[in-house]
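Q: sequence below, structure please.
(2 chains)
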Amino acid sequence: MDFSNFLILRDELSLVFLILCLLMFDLFASASGRRLFQPVACVLLLLQILFTAFFSGDSAEAFGGMYTTSPLATMVKIFMSIGTLLVFLFSKTWIENDHEIAKGEYYYLTLSTLLGMYFMISSGHFLLFFIGIELAAIPLACLVAFDKHKPASAEAGAKFILNAAFASGISLFGISLLYGGCGTLYFTDMAAVLNPANLLQTAGMIFFATGLFFKMSLVPYHSWTADVYQGAPANVGAYLSVVSKMAAAVSLFLIFVKVFGAMAQNWKPIFYALIVLSITIANLFAIKQKDIKRFLAYSSISQAGYVVLGVITATAQGLTGLIYYLFVYMLANLAAFGIAAIVERQSGDARISGYNGLYKTNPKLSVLMMFALFSLAGIPPFAGFFSKFFIFAAAIQEGWYILVLIALLNTVISLYYYLLIVRAMFITPNDNPLPAFKSDTASRIAMTVCFIGIVLAGLASCIYNRIGMISDSSFNAPVAAIHVEEIQVNTALPADTVSDAFSGASQLHEVQN
Amino acid sequence: MNLLSIFVLLPVLMLAGLFLSRTRAQVRAVAATGASLLLAAAVILCVLFMGERQAGNTAPMLFTDHAVWFPTWNIGYSIGVDGISVLMILLSAIIVFTGIFTSWNIEPLPKEYFMWFCLLSTGVFGFFISLDLFTMFMFYEVALIPMYLLIGVWGSGEKEHAAMKLTLMLMGGSALLMLGILGVYFASGAQSMHIMDMAQADIPVALQRYFFPLVFVGFGILGALFPFHTWSPDGHASAPTAVSMLHAGVLMKLGGYGCFRVAMFLMPEAAQELGWIFLLLTGISVVYGAFSACVQTDLKYINAYSSVSHCGLVLFALLMMNTTAMTGAVMQMLSHGLMTALFFALIGMIYGRTHTRDIRQMGGLMKIMPFLGVAYVIAGLASLGLPGLSGFVAEMNVFVGAFQHSDTFHRVLTLVALTSIVITAVYILRVVGKILYGPVQNPEHLKLSDAVWFERFPVIVLIVVIASIGICPGWISDLIGQALFPIVERLSIAAL
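A: Numbering: from 1, shown residues only, chains lettered A, B, ... in the order given. As a prediction, the model looks like this:
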């Protein structure tokens, strides 16, 4: 085989290279050099983003279809990297003031999960996808438990890993059923043999979806979310709620529309129920929250419900709407989480009542928080309005009137609880609000980026139009089953365990290549 | 650059100017200059528009411009005005102008107050110049959200509750609206969200039946359509003076304007078919609002319920669907906008002196503050429809138009609505008699002073405009009549 195949993986390879650089740096740098860890990590990640952006290629696949890439995948990867970069920028004070915790690990563990998410987006085979999900989940558990000295953090880590393991177990079980029902685990091949009347395939699909639902924390797979977000360091919570969700949502679309497209009649009702439940129940829970991180957790569950609207449309507009929604949500949610982290560090208290009268002492912070919340609620002229409008438009185009009506009425409920925070900051009188303080430079850079993004990502239509162009071309690209003729052979191979099937399949492709 | 874009650009520039200003004097200077420029631009627009019309330009929309924004959904920044939008822009400019002088001494945080005020006016002007449904809807929401903070921070009484109630109810309306707009767009199969293009496309009547109520109620909530009017009294009562002025004077007009520009214009068949339901509701608004005003003791509540009644009359007249009544409706929008603004301004000034809005605790104020007293009487007379003032022209047109329907249903409703004129006289004269004449209730009041220059100025401007509309309404009804022609034509074709 040709080594140039590896170059198709340049997005992942650049990230691996970045992780190795950071590992080396951590290993060999002196104590004073290590103080520069955060800027170095951020600059390297920025370079990686630029590299990915400028050396993006056309659609291609490697390793016999195990790995695929496309301009769409690259775009999503860039968005995820930007999200990670913003999280890194927000983390400076937290990571450097806390001497008990290791500095370097935070960065390369986060980047490892990012690598897993890259593979989720780019996989063309269920096993690669599963490896991606696991790679994205296990280091995350360490990150959730990163504040070792805080029992809440450790507890959250345990909760996260147990839930994640359970979900991926069910997912893996689903994959095994799918293999039994289809005789292949390649995305393109499976799409060709799926039959909505086949119970085994349907069961496999539903079990498989659990892993993704868990990652997106849709109701009823959400019970871990609030506890984990509350216990985890705020910056890790931000990463969980944004980047991790983005990877899961985009792969949910790609797999269910591209692979399980033929089964749409089976999965659409399930998604319908999930959307209604996620949006409504999370909204009702969010109203009563007293802790800002729990509040943001429920708000992010409800936002995930809106994202799934893009999946259920199963059109190019839906895909555009979904990615754009995630991008806009990323900026707003990172700003909200970032501010929550900063305020919590200053006051040592994460209750919403701590925000009373914040505008008097910290006007800039409060205004950014308000803009972020308005964007989440979908108020113009902030970007969130545009993303909501477009995702609803895509759903209406496919005739989901009642669903959109439910979602729209829920935006009013969500506006209520977002306004509660605005009220605390601007209206509620408070004799001794949090004194004025200055955040570190890195956080301020991140907040500026978020601010510009929240204000301009909607009004400047070029962003949406660009996403639309890329996802249109990717959505309409013809997909051909490449291994159909081998399926018979493939099933004939001894497939006692999943790993056997895996090696069998890869042997076949080596033969083919 | 298009003349109309100035109306969006100027408030945005004002926002930037306010953001940069440091002292109260600078804030005032920026706000006053900006508002004066807006008013000047509105007058110039009005003159240019009438010039074009006299020169024989009969295009439905003038000063149009179009720029593609989101090609996927055929959304563009499309602007243009007809006679009605020109008048609405003029009304908004007058009220923003007077509102800024009314809030000359606003406390606390004057800079933030004026910034939100500017954002609100950006939304209002943007709404009136937009021809693209998306842009229109966006500006509509931009105009709504500043209300939350304007009432919540600078309001009085149960401001937090009122602000939340108002915001949520109006946003609930806009949720319905968004569904309606998207539904209409896809049902029409039109190639753009431009309102004129959509009017060309045929929307199936079966679908109109779903989307007409959504859009009409969506806008109607802002127009105080019964039973969705409950935000209005609480909101107006708690809001600071200038915000009440702008909200009752302009924002509630957005509702009425949207009702005929979007709902009735795009879906005339459904409007003919379902109009009677909303006609009943608006009839209730008219009478119920007037009766409620009779029993209130808080000046602001009285005026807020009076607004419900008068705005109900706007929707009522629109649903009569003939030229005379609809002309009356638009005139009523203007007239109500001006006199409510005047009322709220005066109430704010009186409250600023007496520190009460309870009519039982006031009396004999005419002797103490003659300027405010006379102005209040004039506003009251305009409200009850005295000939020579704007209210008369509007109500005359409305009821003459309404009586052109010869069937019993319309006749009876018209008669019921007519009673509101009498009830209006009752509550207006009751208040005037109680607080301006009669014995002085509180000896403390004897020490109070009359209005100062920045208070007199907006009051005089408003009274002059109200009187001039009342004296020579001809040019206004010409402007309205021409603009209404395409709408009435579509409605009458649909009736056949």
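Q: could I get the phi/psi values of residue B:130?
A: phi -80, psi 140 (degrees, to the nearest 10).
Q: and it, what pLDDT?
A: Note on residue B:130: pLDDT of 90.
Q: swap in the one 5 residues further on?
A: Reading off the confidence values, residue B:135 has pLDDT 91.
Q: wait, isn't it in contact with residue B:77?
A: Yes: between residue B:135 and residue B:77 a contact is recorded at 5.8 Å, counting by CB atoms under 8 Å. Heads up, the C-betas are built off the backbone N, CA and C, glycines and all.
Q: got any residues that touch both of the two?
A: residue B:69 (CB atoms under 8 Å, 6 or more residues apart in numbering or on different chains).
Q: residues contacting residue 319?
A: All of this is about chain A. By CB under 8 Å, 6+ apart, the residues touching residue A:319 are A:72, A:253, A:257, A:310, A:471, A:474-475.
Q: I was thinking of chain B, sorry if that wasn't clear
A: Residue B:319 is in contact with B:271, B:275, B:278-279, B:282, counting by CB under 8 Å, 6+ apart.
Q: so which of these belong to helices?
A: Among the contacts of residue B:319, DSSP state H puts B:271, B:275, B:278-279, B:282 in helices.
Q: how many residues are close by residue 256?
A: Defaulting to chain A. 24 (other CB atoms under 10 Å in any protein chain shown).
Q: not what I meant, chain B
A: 27.
Q: now do residue B:58
A: Counted with other CB under 10 Å, residue B:58 comes out at 9.
Q: per-residue confidence at the closest residue to it other than its chain neighbours?
A: Computed as CB to CB, 6 or more residues apart in numbering or on different chains, the closest residue to residue B:58 that is not its neighbour in sequence is residue B:482, at 8.0 Å. At residue B:482, the predicted lDDT confidence score is 84.
Q: would you confirm that residue B:482 contacts residue B:54?
A: No: using CB under 8 Å, residue B:482 is not in contact with residue B:54, being 11.1 Å away.
Q: more crowded one of these two?
A: residue B:482 (15 against 9).
Q: follow-up on the earlier one: can you tell me which of the contacts of residue A:319 are in helices?
A: Using DSSP H, the contacts of residue A:319 in helices are A:72, A:253, A:310, A:471, A:474-475.
Q: ok, so of those residues, who is nearest chain B?
A: For those, the residue nearest chain B by CB to the nearest CB is residue A:471; the value is 10.3 Å.
Q: in the stretch 351-496 of chain B, which spans are helices?
A: Along the stretch 351-496 of chain B, the stretches classed as helices by DSSP state H, counting those that start in this stretch are B:365-368, B:370-383, B:390-403, B:408-431, B:453-471, B:474-495.
Q: gap between the residue in chain B sticking out farthest from the centre and residue B:368?
A: Using CA atoms, centre = their mean, the residue of chain B lying farthest from its centre is residue B:443. It sits 37.9 Å away. Applying CB to CB, to the nearest Å, the value for residue B:443 to residue B:368 is 11 Å.
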